[in-house]
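Visitor: sequence first, predicted model second:
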Amino acid sequence: MEDSPAAPRPRAAGKVLRALRAHFGSIAGTIILVVVMWRLGTGVFVDGLRRIDGGTLVAAVGIGVLTTVVSAWRWCAVTRALGLRLPLGPAVADYYRALFLNAALPGGVLGDVHRAVRHGQSSGDMGRGVRAVVIERTAGQLVLAVVGVAVLLTMPSPVLEQTRHTAGVLALVTLGATAIWAALRMGREPRPGRGRDGRVRAALTEARGALLNRDSGPAVLISSVVVLAGYVAMFLLAARVAGTSVGPATLVPLALLALIAMSLPLNVGGWGPREGVTAWSFGAAGLGASQGLTVAVVYGVLSFAAALPGALVLVGRWYGSLRARRQSVTTEKYAPKDSTNPSSNSFPFSADANEGRPITPESV
């Protein structure tokens with residue numbers, strides 16, 4: 001009898017652990033922000049906000065238009081390679097909406113999750129619709145990693161030695177993890193059926209076909225490079241607004257390092273690792289950690305401003321769906337009764353040619 005009150009405790013502990021795993025990225029990003037603010041003070045954030053003017057916001061929105069349209073083009077190329085149809089116009093609207101949700105919600109990926117699910121529903125193939133978004137995002141991250149590591153390892157910069165040391169450590173860790181994984185696979189007995197390994201191989205084959213296809217491959221590569229250049233330009237704009245006096249040759253490696261940190265799923269709407277890494281890299285460059293934090297804050301605000309058209313897409317589609325529901329209610333209210341509508345009594349299906357069609361991206 002005495003042990004009965006303690007029985008629910010393991011279940012409650014399991015719920016807490018699941019919640020922590022689900023929100024680990026947001027928690028980690030919050031901790032990083034708190035540590036940075038504790039070390040450098042909140043005045044740096046306020047100073048960064050004061051430096052932003054109307055002209056800077058217009059420039060940021062212009063850069064955002066370029067990167068968003070090109071990113072949507074990359075998404076369309078991947079989608080076509082997977083055998084689905086996605087026009088550029090709806091793709092741009094969906095991409096803007098995803099960017100805004102990424103910036104406004106914790107985690108930094110909820111907008112992409114929403115975009116993937118909506119595309120899967122509208123295309124009639126949830127699996128390939130979701131995989132198209134995953135492949136498109138992965139392509140951008142791969143180009144960022146390859147270009148960023150190449151620049152950080154070759155261009156003279158204040159973080160060159162630290163980058164080479166970190167790259168060596170990561171290479172050793174990756175090699176060891178690969179060896180352990182290979183040893184475990186060799187000792188595992190093969191299971192009948194396709195199984196998880198078969199699904200993973202099929203997904204990798206599909207991704208390789210979409211990224212290395214001669215029709216979609218060049219478009220994915222070119223668009224990813226253009227998008228990366230736009231992000232770097234946004235960072236240089238933020239550095240100029242923050243009052244950094246050094247040239248692009250010094251700032252580009254620092255920008256790529258900040259972008260790589262932003263790609264980590266440990267942030268709150270993009271905030272967290274970016275501020276910590278930028279403050280550290282600017283301090284290592286002799287420009288001051290506070291200056292680096294100011295640049296990161298300005299970059300975060302400009303990125304949010306560039307994603308604001310996504311809020312207009314959300315409001316517009318919400319108003320459109322609300323208006324459609326009202327029209328539907330009005331039509332049902334004033335529609336003829338079943339007894340006075342012979343066609344509806346004679347046929348069990350609607351005679352409206354528009355009903356029964358699969359949902360398309362244009363109708364979302």
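Guide: In hand now; what should we look at? All values derive from a computational prediction rather than experimental measurement.
Visitor: ok so Pro106 is a helix residue?
Guide: No. Pro106 is assigned coil when assessed by DSSP: H, G, I helix; E, B strand; the rest coil, not a helix.
Visitor: just give me the neighbour total for it.
Guide: 16 (other C-beta atoms under 10 Å). The way it works is simple: take the backbone N, C-alpha and C, and place the C-beta from them, glycine included.
Visitor: mind pulling up the pLDDT for it?
Guide: In the predicted model, Pro106 carries a pLDDT score of 71.
Visitor: from one end of stretch 119-134 to the other, what's the distance?
Guide: Stretch 119-134 has an end-to-end distance of 12 Å (criterion: C-alpha to C-alpha, to the nearest Å).
Visitor: average pLDDT for stretch 85-98?
Guide: 93.
Visitor: now that stretch: buried residues?
Guide: Leu86, Pro90, Ala91, Val92, Ala93, Asp94, Tyr95, Tyr96, Arg97, Ala98 (16 or more other C-beta atoms under 10 Å).
Visitor: closest to Asn213 out of the residues you listed?
Guide: Taking C-beta to C-beta as the measure, Asn213 lies nearest Leu86 of these, at 15.8 Å.
Visitor: need the phi and psi values for that closest one.
Guide: Backbone torsions for Leu86, taken as degrees, to the nearest 10, come to phi -150, psi 100.
Visitor: in strands only, show me the buried residues of stretch 85-98.
Guide: Among those, no residue falls in strands (DSSP state E).
Visitor: pick out whichever of these sits closest to Ile63.
Guide: In terms of C-beta to C-beta, no member of the buried residues of stretch 85-98 lies closer to Ile63 than Tyr96, at 13.7 Å.
Visitor: separation between the closest one and Val61?
Guide: 11 Å (C-beta to C-beta, to the nearest Å).
Visitor: got any residues that touch both of those two?
Guide: Pro309 (C-beta atoms under 8 Å, 6 or more residues apart in numbering).
Visitor: now the helices: where do they sit in the stretch 251-364 of the chain?
Guide: Ranges of helices in the stretch 251-364 of the chain, per DSSP state H, counting those that start in this stretch, are 273-284, 289-307, 309-334, 342-346.
Visitor: just to revisit the earlier point, the buried residues of stretch 85-98 in helices, which ones?
Guide: Among the buried residues of stretch 85-98, the members falling in helices (DSSP state H) are Pro90, Ala91, Val92, Ala93, Asp94, Tyr95, Tyr96, Arg97, Ala98.
Visitor: in JSON lines, list these along with distance to Trp280.
Guide: Below are those laid out as JSON lines (distance: C-beta to C-beta, whole Å):
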{"residue": "Pro90", "distance to Trp280": "41"}
{"residue": "Ala91", "distance to Trp280": "37"}
{"residue": "Val92", "distance to Trp280": "36"}
{"residue": "Ala93", "distance to Trp280": "37"}
{"residue": "Asp94", "distance to Trp280": "35"}
{"residue": "Tyr95", "distance to Trp280": "31"}
{"residue": "Tyr96", "distance to Trp280": "32"}
{"residue": "Arg97", "distance to Trp280": "33"}
{"residue": "Ala98", "distance to Trp280": "30"}
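Visitor: pull the most distant pair out of the residues you listed.
Guide: Pro90 and Ala98 (12.3 Å).
Visitor: that older thread, tell me the one of the buried residues of stretch 85-98 nearest Leu312?
Guide: Distances from Leu312 to these, taken as C-beta to C-beta, are shortest for Tyr96 (8.0 Å).
Visitor: so, low pLDDT: which residues of the protein?
Guide: Counting by pLDDT under 70, the chain contains low-confidence ranges at 1-45, 107, 157-200, 203, 265-270, 330-364.
Visitor: the same query, at a cut-off of 50, please.
Guide: The chain contains residues with pLDDT under 50 at 1-2, 7, 16-17, 19-20, 22, 169, 184, 193, 339-364.
Visitor: circling back to that earlier point, do you know which of the helices of the stretch 251-364 of the chain lies nearest Met234?
Guide: Evaluated over the helices of the stretch 251-364 of the chain, closeness to Met234 peaks at helix 289-307, with 5.9 Å, by C-beta to C-beta.
Visitor: still on that earlier bit, how about the helices of the stretch 251-364 of the chain in a markdown table, adding mean neighbour count and distance to Leu257?
Guide: Below are the helices of the stretch 251-364 of the chain laid out as a markdown table (neighbours: other C-beta atoms under 10 Å; distance: least, C-beta to C-beta, whole Å):
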| stretch | mean neighbour count | distance to Leu257 |
| --- | --- | --- |
| helix 273-284 | 24 | 5 |
| helix 289-307 | 25 | 10 |
| helix 309-334 | 12 | 27 |
| helix 342-346 | 11 | 65 |
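Visitor: related to what we said a few turns ago, quick check: of the buried residues of stretch 85-98, which lies closest to Val298?
Guide: Tyr96 (21.6 Å).
Visitor: once you drop chain neighbours, what's closest to that closest one?
Guide: Counting by C-beta to C-beta, 6 or more residues apart in numbering, Tyr96 lies nearest to Gly310, which is 3.9 Å off, once chain neighbours are set aside.
Visitor: no further questions, thank you.
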